[in-house]
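Trainee: no sequence for this one, just the structure:
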């Protein structure tokens with residue numbers, strides 16, 4: 001896994017075409033699969049005052065990067081391991 005980006009912002013285009021600025025928490029790639037992921041936040045908090053984060057698979061196959069969901073359980077487990085390591089480091 002390579003750490004690509006930390007503490008930056010990006011603009012996401014929602015399905016309705018509107019744009020939203022979000023804060024990137026972490027971007028990384030699994031070298032063995034070549035899949036890229038981004039963890040980002042809209043700085044929303046839940047009822048326990050924890051900041052909500054979102055995780056997406058970055059698809060660059062069309063030239064313009066698209067954010068996709070993480071659908072496979074094995075893939076999601078690997079991403080959760082990265083998030084656990086990130087939370088331990090803080």
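Mentor: Cool, got the structure. Predicted, not measured: the structure shown is a model, and the values here were computed from it.
Trainee: make it CA atoms for all contacts and neighbour counts henceforth
Mentor: Will do.
Trainee: which residue ranges of this structure form helices?
Mentor: 73-89 (DSSP state H).
Trainee: where does it have low pLDDT?
Mentor: For the chain, residues meeting the criterion pLDDT under 70 lie at 1-7, 90.
Trainee: mind redoing it with 90?
Mentor: By pLDDT under 90, the low-scoring segments of the chain are 1-9, 11-17, 25-26, 43, 50-51, 53, 60, 62-66, 71, 82-90.
Trainee: show me the strands in this protein, by range?
Mentor: 2-5, 8-13, 19-30, 35-45, 51-59, 66-68 (DSSP state E).
Trainee: JSON lines for those strands, including distance to residue 77 and mean neighbour count?
Mentor: Listed next are the strands of the chain as JSON lines, based on distance: least, Cα to Cα, whole Å; neighbours: other Cα atoms under 10 Å:
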{"stretch": "strand 2-5", "distance to residue 77": "17", "mean neighbour count": "12"}
{"stretch": "strand 8-13", "distance to residue 77": "25", "mean neighbour count": "13"}
{"stretch": "strand 19-30", "distance to residue 77": "13", "mean neighbour count": "16"}
{"stretch": "strand 35-45", "distance to residue 77": "13", "mean neighbour count": "17"}
{"stretch": "strand 51-59", "distance to residue 77": "12", "mean neighbour count": "16"}
{"stretch": "strand 66-68", "distance to residue 77": "16", "mean neighbour count": "14"}
